[in-house]
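Colleague: Below is the sequence, then the predicted model.
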Amino acid sequence: MAVLSVFANPHRFMAISKPFAWGFTLLGIALIAWGGVYMGLFTAPADARQGDAARIMYMHVPSMWLSMFAYAFMCGASFTSLVWRHALADVAARSAAPIGAAFTALGLITGSIWGYPIWGTWWEWDGRITSVLILFFIYLGYMAVWQAMETQQKAARAAAVLCLVGAVNLPIIHFSVEWWNTLHQTATFFTKDDNAGIGFKLPMYIVALGYLALFGGLTLINMRADILRTRAEMLIQRKLAAAG
Amino acid sequence: MLNFDKYGPYVFASYAVAGVILIGLIIVSVVRLNAARKKLQSLEKDDAK
């Protein structure tokens, strides 16, 4: 809680967050370029079964990890907002939502492109793909709630509740490949049956770190923009009050 | 070099989509931050007059 309290003050947050926002963003771009573009396209070997189509996983798999991580982050921020009324928790959750939605869309699109040459279909209504599509709609719904409510306080509470209810989808996504028959392969990485070589793993882990850094940097940038907009709104309200 | 045989179009399409989405995300975030900063600065300037 002590760490959370440090960031409860927007002025202090603005002072501390600037170098981290740009630092994480630049680090993310560098890691994605190194792991995804250089290693993924030039140095990583082709897969024995899928050939070069497997290179799509360097964009697809980390984006799916990040889409779930971003949602879990939003759940943590929403819980913090509801329980402790932390001043910046709502800002953090709202700032992360479009980034999480973008990574989910990236995962769905690259998965579809990967699916066609390997499965022979662009789309399959199976457990994994459908539950990820639902995650994407939850992201959109969460962002729509912020726009739909009369006041920021009402929107914050409704969005936080929606976010926490939507968390039930995360284990469904994770276990969907075990619960239902599906075209999608079961989990490969971080399992006891993980026998992928380091040549495949290293680019993926580097891209995953890059996506994570980019998520952190862009969330901080969005939070800074949100705080500046709020300050501007308060200034406008103060001027209107003084004039009238 | 970069000859992915019949899978080439799919690999390049995936990377192109990733590039568009990630670069777009960065541009939108930075543009919104700069717009918010400029708006606040102009309001503060008016306030100081």
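Modeller: Received it, and whenever you're ready, just let me know what you need.
Colleague: And for residue 16, the neighbour number?
Modeller: This is for chain A. Around A:I16 there are 14 other residues, counting by other Cβ atoms under 10 Å in any protein chain shown. From N, CA and C alone the C-beta is placed, and that goes for glycine too.
Colleague: wrong one, chain B
Modeller: With other Cβ under 10 Å as criterion, B:A16 counts 12.
Colleague: Could you check the pLDDT of it?
Modeller: Listed pLDDT for B:A16 reads 97.
Colleague: could you say which helix or strand contains it?
Modeller: helix B:8-48 (DSSP states H and E).
Colleague: starting at the chain centroid, how far to that helix?
Modeller: 4 Å (Cα atoms, centre = their mean, to the nearest Å).
Colleague: So which elements touch it?
Modeller: helix A:57-84, helix A:89-119, helix A:198-243 (3 or more Cβ pairs under 8 Å, 6 or more residues apart in numbering or on different chains; DSSP states H and E).
Colleague: need these in TSV with distance to A:A48 and mean neighbour count, can you?
Modeller: Converted to TSV, the helices and strands packed on helix B:8-48 look like this (distance: least, Cβ to Cβ, whole Å; neighbours: other Cβ atoms under 10 Å in any protein chain shown):
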stretch	distance to A:A48	mean neighbour count
helix A:57-84	14	22
helix A:89-119	13	23
helix A:198-243	11	19
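Colleague: With mean pLDDT and distance to A:M39 added, can I get the ones you listed in TSV?
Modeller: Converted to TSV, the helices and strands packed on helix B:8-48 look like this (pLDDT from 0 to 100; distance: least, Cβ to Cβ, whole Å):
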stretch	mean pLDDT	distance to A:M39
helix A:57-84	96	8
helix A:89-119	96	17
helix A:198-243	94	4
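Colleague: Specify the stretch among those that is closest to A:H11.
Modeller: Proximity to A:H11 (Cβ to Cβ) singles out helix A:198-243 among those, at 8.9 Å.
Colleague: show me what contacts residue 33?
Modeller: Since you didn't name a chain, this refers to chain A. A:G210 (Cβ atoms under 8 Å, 6 or more residues apart in numbering or on different chains).
Colleague: The intended chain is chain B.
Modeller: B:L33 touches A:221-222, A:224-225, A:228, counting by Cβ under 8 Å, 6+ apart.
Colleague: Now distance to chain B too, for these, in CSV please.
Modeller: Listed next are these as CSV, based on distance: Cβ to the nearest Cβ, whole Å:
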residue, distance to chain B
A:I221, 5
A:N222, 6
A:R224, 6
A:A225, 4
A:L228, 4
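Colleague: for those, which one is nearest A:L162?
Modeller: A:N222 (18.9 Å).
Colleague: Touching, that closest one and A:A93? I think so.
Modeller: No - using Cβ atoms under 8 Å, A:N222 makes no contact with A:A93, being 10.7 Å away.
Colleague: who touches A:A53 in this structure?
Modeller: Going by Cβ under 8 Å, 6+ apart, the list of residues near A:A53 reads A:47, A:114, A:117-118, B:4, B:7, B:10-11.
Colleague: If we use 6 Å, what do you get?
Modeller: Shown in contact with A:A53 (Cβ atoms under 6 Å, 6 or more residues apart in numbering or on different chains): A:117-118, B:7, B:10.
Colleague: Need the nearest residue in space to A:R55, chain neighbours excluded.
Modeller: B:V11 (5.0 Å; Cβ to Cβ, 6 or more residues apart in numbering or on different chains).
Colleague: burial measure for the one you found, as a count.
Modeller: Around B:V11 there are 25 residues (other Cβ under 10 Å).
Colleague: Enumerate every residue touching it.
Modeller: Counting by Cβ under 6 Å, 6+ apart, B:V11 has contacts A:52, A:55-56, B:4.
Colleague: distance of it from A:G244?
Modeller: Distance, B:V11 to A:G244, by Cβ to Cβ, to the nearest Å: 61 Å.
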